[in-house]
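Q: A structural model of the following input is requested.
(chains A, B, C and D)
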There are 2 protein chains.
Amino acid sequence: MAKEETSAKKPGRPRDPAVEAAVFAAARSLLGEVGYDAVSMEAVAAAAGVGKQTLYRRWPNKAALLVGACLVDATERVADPATGNLEGDIEQFLGGTFAALETTGPGLRFLMSQAGLDPSFRERFDADFASRRRDALREIICRHVKARRQVGPVIDMLYGAMWYRLLLGHGPLDARFARDLAAAAARALAA
Amino acid sequence: MAKEETSAKKPGRPRDPAVEAAVFAAARSLLGEVGYDAVSMEAVAAAAGVGKQTLYRRWPNKAALLVGACLVDATERVADPATGNLEGDIEQFLGGTFAALETTGPGLRFLMSQAGLDPSFRERFDADFASRRRDALREIICRHVKARRQVGPVIDMLYGAMWYRLLLGHGPLDARFARDLAAAAARALAA
DNA sequence: CCTATTTCGATACGATACGTCTCGTATTAT
DNA sequence: ATAATACGAGACGTATCGTATCGAAATAGG
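A: Numbers count the residues shown, from 1 in each chain, chains lettered A, B, ... in the order given. As a prediction, this is how the structure comes out:
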């Protein structure tokens, strides 16, 4: 065990370090354009300028490749809001989150879909990503709200509304939606 | 136009009325067991005891068949609430919806995941299933609420919270959650 | 310098599933 | 009786996944 400490003692030709970045970029681009089903491994290989066997040498299957490609930049950063009141803080936090989705939206939508399909990935995705976002929003809300009893369901409603629109695309994720959600949440949390 | 008034004047052999129910039952069962991708049309045909061409004679593709199977089930099993007040009606509608998820939850989770992966399926799933469920909830809410402005976002929050928990599994979809959501929605919609 | 080992791009290959097409049979209206 | 349609069954073409193989290139060890 623990043979990877020096990271390379193998005799043969080393792996090209540029392959992974090229493959991930090609995969994210294709995923955002046509969706998971329509992304073929041959298209990824062609767009990245590599052979198909190189893909299967590094990733066990198509899902693992695309999950890896989307996970590398899923760690988005949303600035901490400070408007002074509950509704304003929620609106600013959601607005920043929605703005980040302009670039990371397709990848995150794919990751959530994968979470719905794969129970083991679901656990990791919730623990490493989704639950941390909920905690960030919870901390903002709890600055203003004393009664913590209703905070949990409201957080699920806010993030749920975001994912619902991200997954189905039946409505925009824009500043107005952030304002409407913040207003509804503030009324729901009012003592 | 409007040829379906008498429902049948065509010469040939009529369609077997038992086929649709058998196909939908087989499709829902397989969908809950193995997931969208692993459900093959040949397996549905075999489980329902029909020929493959019979499936393609009635549904244009696999996606339409599975969406139809789940839509029929959802509309049949969620009763129209009549408690007399907004919060009670929402709670009863959500409670009935959550109860139906005990059996249909896995299948619906697969369908929503597929919607996130496949843009063309996303359109069909929203138009044929999700938007109809939103309309059903909207009609219930609009019996009590005059100001229609905030109804749309609140519907996205309610159904969003349901799908969020169904996909990630970080919290239960039980009667208490239905009550908490109904209470929050009623406060958000209060004039 | 020489050999073993591994990666590289390229491509042939088997397996699987969608959706179409055909076949012979059964059932209905005219 | 005839035309038209639905039925179960299954062959067929196309597409994609994932595997296997090939010659060339790159690296470590002797």
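Q: which single residue in chain A comes nearest to DNA strand C?
A: Proximity to DNA strand C, evaluated over chain A using Cβ to the nearest atom of the strand, is greatest for A:Gly12 at 1.7 Å. C-betas here are computed from N, CA, C, even on glycine.
Q: how many residues are close by that residue?
A: 5 (other Cβ atoms under 10 Å in any protein chain shown).
Q: how about A:Gly105?
A: 15.
Q: so where does the residue of chain A closest to DNA strand C fall, helix or strand?
A: Per DSSP states H and E: A:Gly12 is located in neither a helix nor a strand.
Q: next, it: phi, psi?
A: Backbone dihedrals for A:Gly12, given as degrees, to the nearest 10, come out at phi -70, psi -170.
Q: which residue is nearest the centroid of chain A?
A: By Cα atoms, centre = their mean, chain A has its centre lying nearest to A:Leu108, at 3.4 Å.
Q: state the pLDDT value of that residue.
A: In this model, A:Leu108 is scored at 96, pLDDT.
Q: from DNA strand D, how far out is the residue of chain A closest to DNA strand C?
A: 5 Å (Cβ to the nearest atom of the strand, to the nearest Å).
Q: residues contacting that residue?
A: If you count contacts by Cβ atoms under 8 Å, 6 or more residues apart in numbering or on different chains, A:Gly12 has none.
Q: try A:Leu158
A: A:Ile90, A:Leu94, A:Leu137, A:Leu181, A:Ala185, B:Met157.
Q: which of the residues you listed count as buried?
A: By neighbour count, with 16 or more other Cβ atoms under 10 Å in any protein chain shown, those hold A:Ile90, A:Leu94, A:Leu137, A:Leu181, A:Ala185, B:Met157 as buried.
Q: pull the number of nearby residues for A:Val39.
A: Residues within reach of A:Val39, counting by other Cβ under 10 Å, total 24.
Q: for it, what are phi and psi?
A: Backbone torsions of A:Val39, given as degrees, to the nearest 10, read phi -80, psi 120.
Q: domains for chain A, by residue range?
A: Structural domains assigned to chain A are A:17-65, A:79-190, following automatic domain parsing.
Q: what about the ones you listed, which gets the closest to DNA strand D?
A: Closest to DNA strand D of the domains of chain A, according to Cβ to the nearest atom of the strand: domain A:17-65, at 3.4 Å.
Q: any idea how far apart the tips of the closest one sit?
A: 16 Å (Cα to Cα, to the nearest Å).
Q: quick one: check that domain for contact with chain B.
A: Yes - applying Cβ under 8 Å from any Cβ of the partner chain, one finds domain A:17-65 touching chain B at A:Val34, A:Gly35, A:Tyr36, A:Asp37, A:Ala38.
Q: adding distance to A:Phe129, write the buried ones among the contacts of A:Leu158 out as JSON lines.
A: As requested, the buried ones among the contacts of A:Leu158 are exported to JSON lines (distance: Cβ to Cβ, whole Å):
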{"residue": "A:Ile90", "distance to A:Phe129": "20"}
{"residue": "A:Leu94", "distance to A:Phe129": "17"}
{"residue": "A:Leu137", "distance to A:Phe129": "13"}
{"residue": "A:Leu181", "distance to A:Phe129": "20"}
{"residue": "A:Ala185", "distance to A:Phe129": "21"}
{"residue": "B:Met157", "distance to A:Phe129": "21"}
